[in-house]
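Student: Could you look at this predicted model? Sequence included:
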Amino acid sequence: MNPKIRVAAEPYEFAFEPAKCALLIIDMQRDFLEPGGFGEMLGNNVSQLRRTIEPNQRLLTAWRKAGLQVIHTREGHRPDLTDLPPAKKIRGRGKTTIGDIGPMGRILIRGEDGHDIIPELYPLPSEPVIDKPGKGAFFATDLHAILQHRGIQQLVVTGVTTEVCVNTTVREANDRGYDCLVPADCVGSYFPEFQDMGLKMIKAQGGIFGWVSDSGKLLAALSPR
Ligand code: C5J
């Protein structure tokens, strides 16, 4: 029998079987995180997201070392925009929108520099990368099938942004029967109040969508002294 790893978390301890728990890293893409990218061009303070890079690196290194499963996601669209809902294209009434030329290539288009994952957390060839057209990682992707084929029942969800793609994915996962743990220091929002509320919403009401902890507690549980 595979012993469970127990992590101090809120609203209560999160226990997981390592072989059945994947690390799911959401949208750590250059355009969201790098100075000079699309996120910053829109006036966002990317340092709010960049503080998540180091804790994610530590967690990813430990996860890989333990031989556990890692999956990455990227938000983006086909170059011909056939999977881009017209409503998403025009939302925000911006001068520059998805598919237009941005500072790092066409914005949120697969294959462009800005769409790619930051080098600090670059996927290994063995780690699936889910290209998702929506905010949630389950919508219009094969993520659920991949998790089912691999016997995954629990997820550690990290990445950006807390209140958008991380929250949407956690809610989608919860409705599909997965337990989700979110390490607070490994998820980021451009807006501190959304970071706070985005995490509170997950763990409220006895963990209505999941659990919240931090990378230090998770790392301590992974390799106890
Ligand atoms: C993500 C966004 N990844 N904020 N996207 O959260 O539009």
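Tutor: Ah, there it is.

Student: ok, E34 touching V46?
Tutor: Yes - taking contact to mean C-beta atoms under 8 Å, the distance of 6.9 Å between E34 and V46 places them in contact. Every C-beta, even on glycine, is put in place using the N, C-alpha and C of the backbone.

Student: what is in contact with the two at once?
Tutor: Contact criterion C-beta atoms under 8 Å, 6 or more residues apart in numbering; residues shared by E34 and V46: E40.

Student: can you list the residues of the chain near the ligand?
Tutor: Counting by C-beta under 6 Å from any ligand atom, the chain comes close to the ligand at 27, 75, 160-161, 164-165.

Student: Using CSV, lay out those residues together with pLDDT and distance to C180.
Tutor: As requested, the residues of the chain next to the ligand are exported to CSV (pLDDT from 0 to 100; distance: C-beta to C-beta, whole Å):
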residue, pLDDT, distance to C180
D27, 98, 16
E75, 98, 18
V160, 98, 16
T161, 98, 16
V164, 98, 16
C165, 98, 13
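
Student: Which residues does the helix or strand of the chain with the lowest mean pLDDT contact?
Tutor: For the chain, counting by mean pLDDT, DSSP states H and E, helix 38-41 ranks last in confidence among helices and strands (a mean of 92). In this structure, residues lying in contact with helix 38-41 by C-beta under 8 Å, 6+ apart are 31-34, 46, 49, 96, 102-104, 107-108, 114, 190.

Student: Got a quick PyMOL command for the buried subset of those?
Tutor: Applying 16 or more other C-beta atoms under 10 Å to the contacts of helix 38-41 leaves a buried subset, and the PyMOL line that selects it is:
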select buried, resi 31+32+33+34+46+49+102+103+104+107+108+114+190
